[in-house]
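# here is my input; please provide its structure:
(one chain, ligands or ions: 2)
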Amino acid sequence: MDTKVWIVDKSVDNLVGNPQIVDAAQILRDNEVVALPTETVYGLGGNAESDEAVAKIFAAKGRPGDNPLIIHIADRAQLDRFVLEVPPVAEALMNAFWPGPLTLIFKRKPGVLSEKATAGLDTVAVRMPDHPVAAALLRQCALPIAAPSANSSGKPSPTTAAHVLEDLNGKIAGIVDGGATGVGVESTVVDCTEEPPVILRPGGVTQEQLQAVIGQVNVDPALMKTEGEARPKAPGMKYRHYAPNAPLYLVSGTREFLQSLVDEQRQKGLRVGVLTTEEFVDQYAADVVLACGRRSELETIAAALYDTLRVFNQRKVEIIYSEIFPYSGVGHAIMNRLEKAAGGKIITE
Ligand code: AMP
Ligand code: MG
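Ligands and ions are numbered 1, 2, ... in the order given. Down below sits the predicted model:
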């Protein structure tokens, strides 16, 4: 299939009615799938009420059928069509963070959304993206849109249209290219069917920010455990994810220790990559040393993370060592994605 590319300038005032958006929305209404920019990463959207459209999302990504999708809406009123109840904490979180990188889990009304989209669960994950192109497309097509990240399952999530095409060209009907995304890591997923609510996936909105609005918020204990023993409540969190082609090792220790690991592999003749930040990019001797943002501003690391992992693929390294980052604020999301990308491989000095 030919993948159509619509280039849309996200700074234009009101994109509803824009010919590119009208065209893409019609294709969504025809139950085809279209990639779209959001403020987190690019999503692969399809009509959440259609089994046919949702099946196309899973097929294009090669995503396991037991991993439910997040439903994207443009309007708070859409929620009541497919959600049984909105608890007061969820109402408070929506008021504080929507539109934005926060996904909330609700009890689902049966018979409205495709069962495939929710992987047969009696709950549903919903968010309202804070991106002018996503918002316009959602309004234009007037449908709830199921949209996982627009990458092949297991690969780093896409933060540019070029990343989407790398993985899905020829497999999807189109892509709306609205430039690079902002936050760079996916939304925070919070289960509001529990009291107090539970973070199932760390993301763009931090635990501290959530607690400032509603008081206690717990973290799914499975997120703290190493691969294998974990039984996370978000089905997707059990899969290896976000991975570059070469094996990735996280290194907990000094820069000298990381360098010694690099030297060992280079002596064996391997092409070695190092993932660090701008502060220390000059301090390693390896085949490919990449800076991913600045350690002093964790948001810049989140924004650059997935692109940096993909650059290691282009530079054809055979093994990658990465520094680790502080578990504070968006650092939780960064480390969660790196741990998944590494398949839990951490070397401690
Ligand atoms: P992605 O679509 O790649 O952003 O991943 C969505 C994440 O939300 C995955 O980890 C899913 O398992 C999780 N998720 C979606 N719906 C639910 C649900 N109803 N209950 C728990 N987790 C969910
Ligand atoms: Mg994903």
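# switch to C-alpha atoms for all contacts and neighbour counts from now on
Noted.
# which bits of the chain sit near ligand 1?
Along the chain, the residues adjacent to ligand 1 under the rule Cα under 6 Å from any ligand atom are 67-70, 105, 118, 123-125, 148-149, 186, 233-237.
# per-residue confidence at the closest residue to residue 101 other than its chain neighbours?
Nearest in space to residue 101, with sequence neighbours left out and distances taken as Cα to Cα, 6 or more residues apart in numbering, is residue 187 at 4.3 Å. As predicted, residue 187 sits at a pLDDT of 97.
# surely residue 187 meets residue 203?
Yes: the pair residue 187 and residue 203 qualifies as a contact (Cα atoms under 8 Å) at a distance of 4.7 Å.
# identify the contacts common to those two.
Common neighbours of residue 187 and residue 203, counting by Cα atoms under 8 Å, 6 or more residues apart in numbering, are 101, 102.
# so who does the residue positioned nearest the centre of the chain touch?
The residue at the geometric middle of the chain, judged as the C-alpha nearest the mean C-alpha position with Cα atoms, centre = their mean, is residue 186 (3.0 Å). The contact partners of residue 186, by Cα under 8 Å, 6+ apart, come to 40, 41, 101, 203, 204.
# and the helices in this structure?
Remark: helices of the chain, listed N- to C-terminal, are 19-29, 51-61, 79-82, 88-97, 132-141, 161-168, 207-214, 255-267, 298-314, 331-341; assignment by DSSP state H.
# list the contacts of the shortest one.
It stands for helix 79-82. Taking Cα under 8 Å, 6+ apart as the rule, helix 79-82 contacts 73, 108, 109, 110, 112, 113.
# give me every residue that touches residue 316.
When contacts are counted by Cα under 8 Å, 6+ apart, residue 316 touches residue 271.
# and if you look at residue 211?
Contacts for residue 211 were tallied using Cα under 8 Å, 6+ apart; they are residue 217.
# quick revisit: more neighbours, residue 187 and residue 203?
Per other Cα atoms under 10 Å, whichever of residue 187 and residue 203 has more neighbours is residue 203, with 29 against 25.
# surely that one and residue 189 touch.
Yes: the pair residue 203 and residue 189 qualifies as a contact (Cα under 8 Å) at a distance of 7.3 Å.
# shared neighbours, those two?
residue 102.
# quick revisit: so which of the helices of the chain gets nearest residue 12?
Put simply, out of the helices of the chain the one that sits nearest residue 12 is helix 132-141, at 8.7 Å, with distance taken as Cα to Cα.
# and the angle for that closest one with helix 19-29?
Between helix 132-141 and helix 19-29, the angle formed by their directions is 60 degrees, by axes from the mean of the first three to the mean of the last three Cα atoms, to 10 degrees.
# and the gap between residue 162 and ligand 1?
To ligand 1, residue 162 is 18 Å away according to Cα to the nearest ligand atom, to the nearest Å.
# how many neighbours does that residue have?
15.
# now do the contacts for residue 271.
If a contact means Cα under 8 Å, 6+ apart, then residue 271 has 265, 286, 287, 316, 317, 318, 319 as its contacts.
# 7 Å - rerun?
Residues near residue 271 by Cα atoms under 7 Å, 6 or more residues apart in numbering: 287, 317, 318, 319.
# now these: which count as buried?
When the contacts of residue 271 are checked for burial by 16 or more other Cα atoms under 10 Å, the buried set is 287, 317, 318, 319.
# beta partners for the last one?
Right, residue 319. Note on residue 319: beta-bridge partners by DSSP bridges are residue 272.
# for it, what are its contacts?
Contacts were defined as Cα under 7 Å, 6+ apart; by that measure residue 319 touches 246, 247, 248, 271, 272, 273.
# just the buried members of the contacts of helix 79-82?
In the contacts of helix 79-82, the ones that pass as buried (16+ other Cα under 10 Å) are 73, 108, 109, 113.
# farthest pair within the residues you listed?
Of all pairs drawn from the buried ones among the contacts of helix 79-82, the one with the longest distance (Cα to Cα) is 73 and 109, at 15.9 Å.
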